[in-house]
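Novice: Any chance you can model this:
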Amino acid sequence: MAEAACSQAPPPPRQPEVAWRELGKWSGRGQLQTESFPGETGSLRIQWQTRNEAVPGAGRFELTIHSAISGRPLLTAVSEKGAGEGTAFVSEDPRIFFAVVDSAGLDWSFTIEEGVSR
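Specialist: Down below sits the predicted model:
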């Protein structure tokens, strides 16, 4: 009588857990350029909210991430018309960043966090 050998498949590789570390939090109305902040991993999460629109449908909010070394814009993370909220994820090379807000007709707030492996 032949015996079948039991083999177990190896467990799947463990996915690294991501923790989010706050790099900065800002709020206001109108234009803003933040101070620079280091992005050691380049993995950023931006949680944003707009509210108190002066004229319904006329408010706008745009948040652009820039390189703090060259000053050049890297990408537009958020471009929103009217009141709203959301989360944007950015994947860039590690570097020093700053953010620029271009808005009109509403209040805004946002938090930038960096993803780090645990």
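Novice: Can you list the low-confidence ranges for this protein?
Specialist: 1-7 (pLDDT under 70).
Novice: the strands in it, which residues?
Specialist: 18-29, 32-33, 37-39, 43-51, 60-67, 73-81, 84-91, 95-104, 107-117 (DSSP state E).
Novice: Which among these is found nearest to residue 8?
Specialist: Among the strands of the chain, the nearest to residue 8 by C-beta to C-beta is strand 107-117 (27.8 Å). From N, CA and C alone the C-beta is placed, and that goes for glycine too.
Novice: Who does the closest one pair with, and is each partner parallel or antiparallel?
Specialist: Here strand 107-117 is paired, per DSSP bridges, with strand 18-29 (antiparallel), strand 43-51 (antiparallel).
Novice: nearest to residue 58, of those strands?
Specialist: Short answer: strand 43-51, nearest of the strands paired with strand 107-117 by C-beta to C-beta, at 12.1 Å.
Novice: Send me the closest one as CSV with only the CA atoms.
Specialist: In CSV, the C-alpha atoms belonging to strand 43-51 read as follows (Å, rounded to 0.1, in the frame of the first residue of the first chain):
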residue,chain,number,x,y,z
SER,A,43,4.7,57.7,0.3
LEU,A,44,2.3,60.5,1.4
ARG,A,45,-1.4,60.5,2.4
ILE,A,46,-3.3,63.8,2.2
GLN,A,47,-6.6,64.0,4.1
TRP,A,48,-8.4,67.2,3.0
GLN,A,49,-11.7,69.0,3.6
THR,A,50,-13.3,72.1,2.1
ARG,A,51,-16.4,73.8,3.6
